[in-house]
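**Student:** Here is a sequence with its predicted model. Questions after.
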Amino acid sequence: MEDRKKFSLGYYIFIFSLILFLETIFFSGTAVKEISYSKFRDLIRTNKIQSVIIEPDRIYGLEKSTHSAGKSKSDPADSREQSSFTPHQKHTPWYLDFGKLTGKHQQKLDRQFTVVPLKDPQLLPDLQHHGINYRGKIESHWLSHFISNWIIPLGLFFLLWSFIVRKMGKGSNFLSLGKSKAKIYEVESSQKVSFEDVAGVDEAVEEVKEVVSFLKEPNRYTRLGAKLPKGILLVGPPGTGKTLLARAVAGEAGVPFFSLSGSDFVEMFVGLGAARVRDLFKDAKTKAPCIIFIDELDAVGKNRSQGVYTGSNDERENTLNQLLTEMDGFDPQVGIIIMGATNRPEVLDPALLRPGRFDRQILVDRPDLTGRKEIFKVHTRDLSLNEDVNFHTLAAETPGFAGAEIANVCNEAALLASREGSNTVSVSHHNFQDAIERVIAGLEKKNRLINSHEREVVAYHESGHAIVGHLTPGADPVQKVSIIPRGIGALGYTLQTPLEDRFLMSRSELLGKIKGLLAGRAAEELVFGEVSTGASNDLEKVSDIVKNMLTVYGMSRHAPNLSLVEKNPNPFLGQGPMLQHRSEKLEEIIDEETQEIIKSCYKDAKEILLKENDKLVHMAHILLEKEKIDEKDILEILGPRAPEKEAKG
């Protein structure tokens, strides 16, 4: 349970008594000008007083206004003004006096006065003689003044303060700003995550099983004097299952799981981040043994030497210092394991990665073919599958997919199957393939209107890709060809997927990829005599491949075995290596060889299409008729693929 501070009734009684004391001492009584008794008698004699209130120790009066002086005594407006006369009371600086909005109210206040009474038996007869309205009691307005002085202003102040705090603190109570924002997942059978739910990262699972063993049987390690690492850092690309792996460790060990993000420590108020770190470890010690998981650790653990801080008190640095102190301060025998996750390990502070803190790093990488197959099995447990679903084929068609992307494919397949109608009782292999295409290429836009000429250009363009890709030795098999627009600006696509995971590629295989990418534009030039803008994305990919061949892989014939780039510090976010400064002569050599490679591959692609012109026309006509053809149709049109052995020859 969260330890919340409670206010007893005594606090409210004390505050209320203090307000009453201030009201009685400083803000009780009237606030009108005081005149002498002789002047008061002169005002009566000259008939300048309109109304008088007589008390034992005070006389309050209201002078006549110039406006009312010319009215008759029977004027009803004058009578109402006389009856409404009340001496002006003292009030706080924040008193809500709405009468001040009118100038008439201020004039009436200036006409009020008070005088200390003397023994004067002739006073009442004189008041009666001059027709002055007099009475002997003041109506009590204490409650209304108390509400206007204190209750309403303080209520408005607290409402405004609560609104500001909720906006800045995202709805949190002001008294709990320094509290930890960690979500605690207690061990429940319905929400328990185990290693069976984590697939595709077998090596990482083996590494963290030692943590589970320590939390279950600490004596097994402590009796030999061994100490488990205080911190375990999970690094890897986004979506590979780092958070899921941490929850699986907590589930297998049967201990509470504190989950929060590194950004939860960062606030606009100075000192809140450090306070939340202290509160987090305080809560963790009460629930030990347990696991603290900090996702996106780089948000709070960046290297303190990076950047120049203009302020003397950097909040993120203070939070990091507190985290380092807490990790040093707790006893490793207590059983608190800190697990962090990031895809930017290169920006973390060295003090955070030293032995005794996050001293063990575990790579959670993208799964291979076998891993993707197991992930498909995990995410389809709750789906009703058709007998034709082949997990091996699906894994082969999704190279480079992380666990989160495969989960998205499974969900999309189930949604697509449900759209087919009420007669659908299971998810078929066809639904999974459509889901993969949707994730890779985007949503089909069947309602986009394309004129007949552009549609024909797209058909020949995609047919060129398919023919050259199918007949080039070592190229990936062509799975599907479509001329249905997808995603943003894609009027068609040719889907090629490898049969197995590839980690090495030869120069001839890269040249084969370039030929396949240039084949679409080559087909347009052969059939229509000119090229279109449809090959812009193909040309971008060609330029990237050629650039990497010459500057990264050292495949240049004029400058062989030479790497001309700096190492990429972060391989997990898709950032390419940085180019080094090169001489003008070397730049000219690279530019000339780039043109040679592209020109040679484009020529080879045109020759293949000239040789297979009949198949090009035939495939284009079928695409115009069906809009989409699969691997079976491609094999019927083009025949068997080029043998693999020629790719190495």
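**Tutor:** Looks like it arrived, so ask away. Residues are numbered from 1 along each chain as shown.

**Student:** ranges for the helices of the stretch 251-400 of the chain?
**Tutor:** 272-286, 315-329, 350-353, 369-379, 391-396 (DSSP state H, counting those that start in this stretch).

**Student:** In contact with residue 518, which residues are there?
**Tutor:** Neighbour list for residue 518: 535, 538, 542, 598, 601-602, 605 [criterion: CB atoms under 8 Å, 6 or more residues apart in numbering]. Heads up, the C-betas are built off the backbone N, CA and C, glycines and all.

**Student:** distance of residue 245 from residue 636?
**Tutor:** 46 Å (CB to CB, to the nearest Å).

**Student:** more crowded one of the two?
**Tutor:** Ranked by neighbour count (other CB atoms under 10 Å), residue 245 and residue 636 place residue 245 first, with 27 against 10.

**Student:** surely that one meets residue 208?
**Tutor:** Yes: at 6.5 Å, residue 245 and residue 208 qualify as touching, with contact defined as CB atoms under 8 Å.

**Student:** May I have the beta-bridge partners of residue 481?
**Tutor:** Beta bridges link residue 481 to residue 494, residue 629, judged by DSSP bridges.

**Student:** For it, give me its contacts.
**Tutor:** Counted by CB under 8 Å, 6+ apart, residue 481 has contacts 462-463, 465-466, 492-495, 619, 623, 628-629, 634.

**Student:** For it, give its distance to residue 464.
**Tutor:** 10 Å.

**Student:** quick revisit: now compare the contacts of residue 518 and name the two farthest from each other.
**Tutor:** Within the contacts of residue 518, 535 and 601 form the most distant pair, 13.2 Å apart (CB to CB).

**Student:** neighbour count winner among these two?
**Tutor:** residue 601 (25 against 21).

**Student:** how about the nearest residue to residue 425, chain neighbours excluded?
**Tutor:** residue 384 (6.5 Å; CB to CB, 6 or more residues apart in numbering).

**Student:** what phi and what psi does the backbone show at that neighbour?
**Tutor:** phi -90, psi 110 (degrees, to the nearest 10).

**Student:** Please work out how many residues are found near it.
**Tutor:** 11.

**Student:** quick thing: my sequence starts at 31, can you match it?
**Tutor:** Yep, numbering from 31; the last one is residue 414 now.

**Student:** Looks like it contacts residue 457 (just checking).
**Tutor:** Yes: if you go by CB under 8 Å, residue 414 and residue 457 touch, sitting 6.4 Å apart.

**Student:** Now do the same contact list for residue 535.
**Tutor:** With the criterion set at CB under 8 Å, 6+ apart, residue 535 makes contact with nothing.

**Student:** care to break this protein down by domain?
**Tutor:** 31-205, 213-393, 399-471, 482-678 (automatic domain parsing).

**Student:** Pipe these into a markdown table and attach mean pLDDT per row.
**Tutor:** Putting the domains of the chain into a markdown table (pLDDT from 0 to 100) gives the following:
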| stretch | mean pLDDT |
| --- | --- |
| domain 31-205 | 70 |
| domain 213-393 | 80 |
| domain 399-471 | 87 |
| domain 482-678 | 85 |
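
**Student:** Show me which residues of stretch 635-643 are buried.
**Tutor:** 635-636, 638-639, 642 (16 or more other CB atoms under 10 Å).

**Student:** One more: stretch 499-518?
**Tutor:** Neighbour-count burial for stretch 499-518 [16+ other CB under 10 Å]: 499-516.

**Student:** Equivalent analysis for stretch 269-289, please.
**Tutor:** Buried residues in stretch 269-289 (16+ other CB under 10 Å): 269-283, 285-289.

**Student:** same question, stretch 641-653
**Tutor:** Buried residues in stretch 641-653 (16+ other CB under 10 Å): 642, 645-646, 649-650, 652-653.

**Student:** between those, which is nearest residue 88?
**Tutor:** Nearest member of the buried residues of stretch 641-653 to residue 88, counting by CB to CB, is residue 653, at 104.6 Å.

**Student:** quick one: the closest one is in a strand?
**Tutor:** No: read with DSSP: H, G, I helix; E, B strand; the rest coil, residue 653 is helix and lies in no strand.

**Student:** you'd agree it is up against residue 659?
**Tutor:** Yes: Residue 653 lies in contact with residue 659 (CB under 8 Å); the separation is 6.4 Å.
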